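Engineer: predicted model and sequence follow; I will ask about them next.
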Amino acid sequence: MPVLVLAGNDVTTIEQQLQEKIHLAPEFFKNSPLVFDLLELNKQNLDVDVTELTNITRKLGLLPIGIRGGTTQQNQQALELGIPIHSGHNVTAASEPQQRQTPEPEPTPEPQGAATTTLITQPVRSGQRIYAEGDLVILAQVSAGAEILAEGNIHVYGSLRGRALAGVQGDTEARIFCSDLQAELISIAGNYKISEDLNGAVHNQPVQIYLQNHTLVIKDI
């Protein structure tokens, strides 16, 4: 699911950048769950008011459902707001992020780079959301109302009727491949088209979708 990784604690800047990101794909981010990642922020010994951060994201239509990399104080704020703690990424047991030099076993960006392909063999039904840290391969159809997301490429060996978002962490080289394009929305690195824009797309035969000059190109294979 989407993760908000904070590198600074200026809430005005955070809100502005979130608004810009949401504007790129409003349907994707509408009522989307969100996890706060404060690990990098706390490595810099910077603090942020979790209550204020939560208010901002909720105002923008996002639904905070978790926090990781937080200090004791930040985790307590989250719990008071009903936001669960992802304990596997806590920075410290006491509110001293720089005291313990133990972030090395859990460098967040590196596992993402080394992520393997996620394989789905069953149909993705309406209402389901699947997220892959690497490439995502689906050997069945994706139903209308379903949503598939990948940090890398997406391959659908069936009809694609839901939403498909590749390169969700900004990878402009990511591509989408499918056997039958009937999607509600396709997106690569935040550049998207909705179903109304796909009327002229090739149906009932394999296509690939890639980014060229900030424009999505749909081409038969």
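Structural biologist: Ah, there it is.

Engineer: now stretch 188-195: buried residues?
Structural biologist: Buried residues in stretch 188-195, counted by 16 or more other Cβ atoms under 10 Å: 188, 189, 190, 191, 192, 193. Just so you know, the C-beta spots here come from the backbone N, C-alpha and C atoms, and that holds for glycine as well.

Engineer: how about the fifth one, nearest residue that isn't a chain neighbour?
Structural biologist: This means residue 192. Leaving aside its chain neighbours, residue 192 sits nearest to residue 25 (4.9 Å; criterion: Cβ to Cβ, 6 or more residues apart in numbering).

Engineer: what mean pLDDT does stretch 196-213 get?
Structural biologist: For stretch 196-213, the mean per-residue pLDDT is 81.

Engineer: buried residues in that stretch, which are they?
Structural biologist: For stretch 196-213, a neighbour-count test (16+ other Cβ under 10 Å) marks 198, 201, 207, 208, 209, 210, 211 as buried.

Engineer: need the contact list for the fourth one.
Structural biologist: When contacts are counted by Cβ atoms under 8 Å, 6 or more residues apart in numbering, residue 208 is found next to 175, 176, 177, 218, 219, 220, 221.

Engineer: now, of those residues, which are buried?
Structural biologist: 175, 176, 177, 218.

Engineer: among those, name the ones in strands.
Structural biologist: Those of those mapping onto strands are 176, 177, 218, per DSSP state E.

Engineer: leaving out the residues flanking it, which one is nearest to the first one?
Structural biologist: Distance criterion Cβ to Cβ, 6+ apart; nearest residue to residue 176, sequence neighbours excluded, is residue 209 at 4.1 Å.

Engineer: show me where the chain has its helices.
Structural biologist: Applying DSSP state H to the chain gives helices spanning 11-24, 26-29, 39-43, 50-59, 72-80, 109-113.

Engineer: out of those helices, nearest to residue 154?
Structural biologist: Nearest of those to residue 154, taken as Cβ to Cβ: helix 26-29 at 13.8 Å.

Engineer: from the rest of the structure, what touches that closest one?
Structural biologist: For helix 26-29, the surrounding residues in contact (Cβ under 8 Å, 6+ apart) are 2, 21-22, 60-62, 147, 163, 165, 185, 187, 192, 194.

Engineer: filter the residues you listed down to the buried ones and hand me the ChimeraX line.
Structural biologist: Entered in ChimeraX, the line below selects the buried ones among the contacts of helix 26-29, by 16+ other Cβ under 10 Å:
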select :22,62,147,163,165,185,187,192
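
Engineer: and the contacts of helix 26-29, which is closest to residue 8?
Structural biologist: residue 21 (15.1 Å).

Engineer: just list the residues touching the closest one, thanks.
Structural biologist: Residue 21 sits next to 29, 190 when contact means Cβ under 8 Å, 6+ apart.

Engineer: and what of residue 127?
Structural biologist: Residue 127 makes contact with 145, 146, according to Cβ under 8 Å, 6+ apart.

Engineer: state the pLDDT value of it.
Structural biologist: 86.

Engineer: how close does it sit to residue 147?
Structural biologist: Separation of residue 127 from residue 147 (Cβ to Cβ, to the nearest Å): 9 Å.

Engineer: the strands in this structure, which residues?
Structural biologist: Along the chain, counting by DSSP E, strands occupy 3-5, 33-37, 63-68, 118-120, 129-132, 136-138, 147-150, 154-160, 163-166, 176-181, 185-188, 191-194, 207-212, 215-220.

Engineer: perfect, that will be all.
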